[in-house]
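S.K.: Let's see this in three dimensions:
(2 chains)
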Amino acid sequence: MGCGAVGSLFAANLSLLEDVEVWAFDLNELHMAAVNRDGLRLSGAGDVVGRPRATSDPAAIPPCDFGIVATKAMHTEAAIAATAHAFADGGFVATVQNGLGNEETIAGHADRVIRGTTFPAGKLLEPGHVQWDVKGDTTFGPYDERTPLADVERLADACTRAGMPADAVEDARGPQWRKVIFNASTNPIGALTGLTHGRVCERPDLRALVTGLVDEGKAVAAAQGIELDADPEELIDHAAKPEVAYGHKASMLQDVEARRQTEVDYLNGGIVRFGAEHGVPTPLNAAIQALVKGVEASWMQS
Amino acid sequence: MTSVVVAGAGSIGSLLAAHLAQVADVTVLTRREEHAAALREQGLRVSGRGDFTARLGATADPAALPRDAELAILACKSTGLDPLAARLEGMLAAATVMTIQNGLGAEEIVAAHGDWPLLSAVTFMSGTRHGDAHVEYVLDTATWIGPYRGTTEADARRVAELIEAGGLRAEAFPDLRPAQWSKLIFNATVNGVAALTGLPHDFHFAQTGEVSDLGHLVRGLVDEGKAVAAAAGVELHDDPWEMNVLATQRGHRHFPSMLEDVEARRPTEVELINGALVREAGRCRVPAPLQTALYRLVKAREASYSE
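M.R.: As a prediction, the model looks like this:
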């Protein structure tokens, strides 16, 4: 559900497996028609032409064993509300989206939910064709006790066999929070200043602000007993290297430049919400969320 | 008639020069000679709340300023103040010099370039320049004046009376710091948030219905500023939060200069506004994490002009 860049990577690769039948659902009718006509082509980090069945009509989706939600976080509710019927008979629904709160939203419509965090990335070049920029791992875990780990392992196994390496773990919150903290502490800084990731990190005063945001996120994670699987600070410094992502414009900066709604409510807003629930103050994340919301509001007026 | 020099003819300098020319001999010091020539030849037209054309002297050469000037108002932006004061070194021997920049620290910058008696001012009026020889008078709010170095409240009052006689609003204070700091906290908060979000100063700045509404951040920034003022021993003249709410209720969407600067990719006044407030917080050992974040983000935004 949601067949943009990341959704297409899963759909095209999984459709190569003989024991898996894949349905791709997206509201972009041109994209879906091209997939049905010519297949779903990936190029770049891997060259693949998958043959999922594609539709923009949720009623066309038959009962499924697994669903993967890959929309932007603000579209989770609409995506799962439209497709929940396909999982009403014991199916599992996984999220591979950015941010916090997607699992809760999905659980409002589906009983058996799988938490997931994924690192591969790409972009939709034209209908039916996605550029695969980077490969990367995916980690899945049960959202609550209604989802047995054995079923999460079935999904991870299929992804791995399809060329999308995935792990199944009992508690997948570590990778999720590591990625959320990384994104929440760097993406909006790029969006508000116009600077690339490397230039954000080479200004000591701005890098200190990033650390302030990271520290709040770590405190909220710790208050929930979540163990991060890596230190976001090290990942941030690693990404700032010239050979890694120095010149990378954060996706939120790209959103702001194109005047598209950002995922700030699910990144900094998620940290603020979980912080409030666990009594951890998050004033910097709240400030950054308010500023980015202000940027979005400014588009309504001009 | 009193001889007055107005150095800097942006919107504030132009409004002061044109109105003072009704009651004083005014000479405008500009950066560009063609600007001075336009003022000499066409006069300076005021529209909006006024409707007249002032006759005044104008030059781009500090050496050509009248030696007997009794008052010199430095009305450039704070980013241009140091070079302007440097150009005036050794000139205007008979003058009292008045700064009118936003933020804190303008007086010290000028004091380093000469031993003139100094007055401080903050202004709440606003205007829009429509070319070198035409300024529109928009907001008719007051200019507040106080003594700074080698001056008294009586000196401030004489200048305030002169400005009022010219048709603008002005008021003298025994100590300008309470008003200056109220405006400092207001400007640091509102200008900084506007520059980063692209929002003019409108209802969003006072909105607090949702947790993520901007009003909560504005309130947090103002509260930090108030804590710094208290630690610095300044009793504020106005509550900056109330100034904010009132301004958003005026119904017209004001575009703060810092927002206009960022959109035009010009250097902003962030150093004497947000920078000054953050440095005062450090000096007084008062935590100001939100104001510090805002200052760093605006500085970084300026750095992005080279992307």
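
S.K.: Who are the contact partners of A:Val280?
M.R.: A:Glu216, A:Ala219, A:Val220, A:Ala223, A:Phe274 (CB atoms under 8 Å, 6 or more residues apart in numbering or on different chains). Where you see a C-beta, it was placed from the backbone N, CA and C, and this is true even at glycine.

S.K.: Student question: in chain B, what's the helix or strand with minimum average pLDDT?
M.R.: When each helix and strand of chain B is scored by mean pLDDT, DSSP states H and E, strand B:126-129 comes last, with a mean of 91.

S.K.: Give me the contact list for whatever helix or strand comes next after it.
M.R.: Next in sequence after strand B:126-129, counting helices and strands by DSSP states H and E, comes strand B:134-139. The contact list for strand B:134-139, computed with CB under 8 Å, 6+ apart, reads B:11, B:14-15, B:18, B:44-50, B:124-130.

S.K.: out of those residues, who's near chain A?
M.R.: Among the contacts of strand B:134-139, no residue lies close to chain A (CB under 8 Å from any CB of the partner chain).

S.K.: Name only those of those residues that count as buried.
M.R.: For these, a burial check counting by 16 or more other CB atoms under 10 Å in any protein chain shown picks out B:11, B:14-15, B:18, B:44-48, B:50, B:124-127, B:129.

S.K.: ok, now which ones touch residue 156?
M.R.: Let's take chain A. So A:Ala156 contacts A:Thr138, A:Phe140, A:Ala166, A:Asp167, A:Ala168 (CB under 8 Å, 6+ apart).

S.K.: Oops, wrong one, chain B.
M.R.: B:Ala156 neighbours (CB under 8 Å, 6+ apart): B:Leu119, B:Ile145, B:Gly146, B:Pro147, B:Ala172, B:Phe173, B:Leu176.

S.K.: What pairs with the helix or strand containing the second one, parallel or antiparallel?
M.R.: When elements are assigned from DSSP H and E, B:Ile145 belongs to strand B:143-149. When pairing is defined by DSSP bridges, strand B:143-149 lines up against strand B:118-123 (antiparallel), strand B:170-172 (parallel).

S.K.: buried sites along the shortest one?
M.R.: By that I understand strand B:170-172. B:Ala170, B:Ala172.

S.K.: State the next helix or strand along the chain beyond that strand.
M.R.: Assignment by DSSP H and E places the next element after strand B:170-172 at helix B:177-197.

S.K.: From the contact counts, what lies against that next one?
M.R.: Counting by 3 or more CB pairs under 8 Å, 6 or more residues apart in numbering or on different chains; DSSP states H and E, the packing neighbours recorded for helix B:177-197 are helix A:283-299, strand B:118-123, strand B:143-149, helix B:214-231, helix B:240-249, helix B:257-263, helix B:276-283, helix B:289-303.

S.K.: mind running it again at 6 Å?
M.R.: helix A:283-299, strand B:118-123, helix B:214-231, helix B:240-249, helix B:257-263, helix B:289-303 (3 or more CB pairs under 6 Å, 6 or more residues apart in numbering or on different chains; DSSP states H and E).

S.K.: could you dump those to CSV with mean neighbour count?
M.R.: Formatted as CSV, the helices and strands packed on helix B:177-197 follow (neighbours: other CB atoms under 10 Å in any protein chain shown):
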stretch, mean neighbour count
helix A:283-299, 23
strand B:118-123, 26
helix B:214-231, 21
helix B:240-249, 18
helix B:257-263, 20
helix B:289-303, 23
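
S.K.: want to try TSV for these, with mean pLDDT and distance to B:Arg31 as columns?
M.R.: Shown next, in TSV, are these (pLDDT from 0 to 100; distance: least, CB to CB, whole Å):
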stretch	mean pLDDT	distance to B:Arg31
helix A:283-299	97	32
strand B:118-123	96	20
helix B:214-231	98	32
helix B:240-249	94	31
helix B:257-263	94	17
helix B:289-303	98	21
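
S.K.: got those as JSON lines, with distance to B:Glu108 columns?
M.R.: What follows is those, written out as JSON lines (distance: least, CB to CB, whole Å):
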{"stretch": "helix A:283-299", "distance to B:Glu108": "30"}
{"stretch": "strand B:118-123", "distance to B:Glu108": "10"}
{"stretch": "helix B:214-231", "distance to B:Glu108": "18"}
{"stretch": "helix B:240-249", "distance to B:Glu108": "23"}
{"stretch": "helix B:257-263", "distance to B:Glu108": "21"}
{"stretch": "helix B:289-303", "distance to B:Glu108": "19"}
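
S.K.: Nearest to A:His248 among the ones you listed would be which one?
M.R.: helix B:289-303 (16.2 Å; CB to CB).

S.K.: outside of the closest one, which residues touch it?
M.R.: Applying CB atoms under 6 Å, 6 or more residues apart in numbering or on different chains, the external contacts of helix B:289-303 come out as A:192-193, A:195, A:205-206, A:209, A:287, B:192, B:195-196, B:220-221, B:224, B:262, B:270, B:274-275, B:277-278.

S.K.: chain center to that helix, what's the gap?
M.R.: Distance of helix B:289-303 from its chain centroid, counting by CA atoms, centre = their mean, to the nearest Å, is 21 Å.

S.K.: ok, back up a step: which other helices and strands does the least confident helix or strand of chain B contact?
M.R.: The contact analysis (3+ CB pairs under 6 Å, 6+ apart) places strand B:126-129 against helix B:11-20, strand B:134-139.
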